[in-house]
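Visitor: dropping the sequence and predicted coords here.
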Amino acid sequence: MALPARCGPFARCLLRGVKRQCWSACSRALLLTGSRFAFLFSLPAYVEHKTLKRVSYLTVVHAHDKVEELLERADYLYSCGETEKLYELLSQHHNSDDAELLWRLARASRDLALLSHITAEEKKRLTYEAFEFAKKALEKNEDCFAAHKWYAVCLSEVAEYEGVKVKIATSHTIKEHLERAIQLNPKDATSMYILGYWCFAMTELPWYQRKIAAMIFSSPPTSTFEEALAYFLKAEEVDPNFYSKNLVMLGKTYLMLKDKEKAVLWLTRARDYPPRSEEDKQVHKEAVELLKKLQR
């Protein structure tokens, strides 16, 4: 599920913060020289201090310019569906502390794991790697909506390897991070789609998994197809035709709600969606098969 996501101009906000910090530091220094403690801060020392601050500031600006350029290149590769090139580019910076870079690296690792030629062993490794990057991104910036979103996505996929109990035990956490992502960015259609998918999956939960959920939680996670539909429709309203899977899920949800006419409408749109990735091709195939069943 190669999800399009952007986390906003974080680098520019950070740069403005650096400028404010530098000005504040210089202001304090000037006040100090004019006070009764001026003898502690002689003119040569102040000039040297100011020069060092200037060099430090320029270094920070240059570093953030480089990060911003890297993120632009990464977003371009993502928009072109160049999953392997994107992973290769970002993995060179796996030790970064930049949340914007880290959540993109989580997404790239996870998307690479979905490619058909990736072995089962490599897929598992990439899935866990993606979760670690998402976790680190969240630690570095709890106010980044995309960090919350990709943490939820990667946690969900790691849970698939851990078994039914872990999958159910993490369901509340996944929902909380998706809700936080939407709170931080109400215009992010992909967070809404994923939360809609969560609602759909919880509604479809098999009876034996419901029993496990009842053992783990005093109040097991529940939802409805109507709730799932509301999120899918809202995502489409925010960003029309943004993602093939949102279209096919709208069709499937209307099928579950016995509205065949609307199901055909959305499944047709999913079938006709221009494929840009392997996932789009899989969605096309699924939509074609569902439409054939409906026409029988």
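Guide: Now that the structure is in, tell me what you want to look at.

Visitor: from now on I want contacts and neighbour counts done on CA atoms only, so please keep to that.
Guide: Fine.

Visitor: for the nearest residue to His284 once chain neighbours are set aside, give its distance to Leu294.
Guide: Excluding the flanking residues, the one nearest His284 by C-alpha to C-alpha, 6 or more residues apart in numbering is Arg271, at 4.6 Å. Arg271 is 14 Å from Leu294, where distance means C-alpha to C-alpha, to the nearest Å.

Visitor: which ones are touching the residue nearest to Ile118 when sequence neighbours are not counted?
Guide: Nearest residue to Ile118, sequence neighbours excluded (C-alpha to C-alpha, 6+ apart): Leu112, at 7.7 Å. Residues near Leu112 by C-alpha atoms under 8 Å, 6 or more residues apart in numbering: Thr83, Glu84, Tyr87, Ile118, Lys123, Leu126.

Visitor: what do you get for Thr203?
Guide: Counted by C-alpha under 8 Å, 6+ apart, Thr203 has contacts Thr222, Ser223, Thr224, Phe225.

Visitor: got a markdown table for the residues you listed, with pLDDT and neighbour count too?
Guide: As requested, the contacts of Thr203 are arranged in a markdown table below (pLDDT from 0 to 100; neighbours: other C-alpha atoms under 10 Å):
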| residue | pLDDT | neighbour count |
| --- | --- | --- |
| Thr222 | 84 | 16 |
| Ser223 | 92 | 16 |
| Thr224 | 96 | 14 |
| Phe225 | 97 | 20 |
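
Visitor: Throw those residues into TSV and include secondary structure and distance to Pro275, thanks.
Guide: Formatted as TSV, the contacts of Thr203 follow (DSSP: H, G, I helix; E, B strand; the rest coil; distance: C-alpha to C-alpha, whole Å):
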residue	secondary structure	distance to Pro275
Thr222	coil	33
Ser223	coil	31
Thr224	coil	30
Phe225	helix	27
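
Visitor: so how far is Arg180 from Ala270?
Guide: 28 Å.

Visitor: my bad, Leu102
Guide: 18 Å.

Visitor: more crowded one of the two?
Guide: Leu102 (27 against 20; other C-alpha atoms under 10 Å).

Visitor: and the next helix or strand past the one helix or strand that one maps to?
Guide: Using DSSP states H and E, Leu102 sits in helix 99-113. Sequence order places helix 120-140 as the next helix or strand after helix 99-113, per DSSP H and E.

Visitor: so what touches whichever helix or strand comes after that next one?
Guide: Downstream of helix 120-140, the next assigned helix or strand under DSSP H and E is helix 145-162. Under the criterion C-alpha under 8 Å, 6+ apart, residues 5-7, 99-100, 103, 106-107, 110, 124, 127-128, 130-131, 134-135, 137-138, 141-142, 166-167, 170-171, 173-175, 177-178, 180-182, 184-185, 191, 194 lie in contact with helix 145-162.

Visitor: return the distance of helix 145-162 from the chain's centre.
Guide: Put simply, helix 145-162 sits 9 Å off its chain's centre (C-alpha atoms, centre = their mean, to the nearest Å).

Visitor: go on, stretch 265-278?
Guide: Counting by C-alpha atoms, centre = their mean, stretch 265-278 comes out at 22 Å from the chain centroid.

Visitor: got the end-to-end distance for it?
Guide: Start-to-end, stretch 265-278 (C-alpha to C-alpha) is 23 Å.

Visitor: same thing with stretch 109-128?
Guide: Stretch 109-128 end-to-end distance (C-alpha to C-alpha) = 9 Å.

Visitor: do stretch 214-224 as well
Guide: Start-to-end, stretch 214-224 (C-alpha to C-alpha) is 17 Å.
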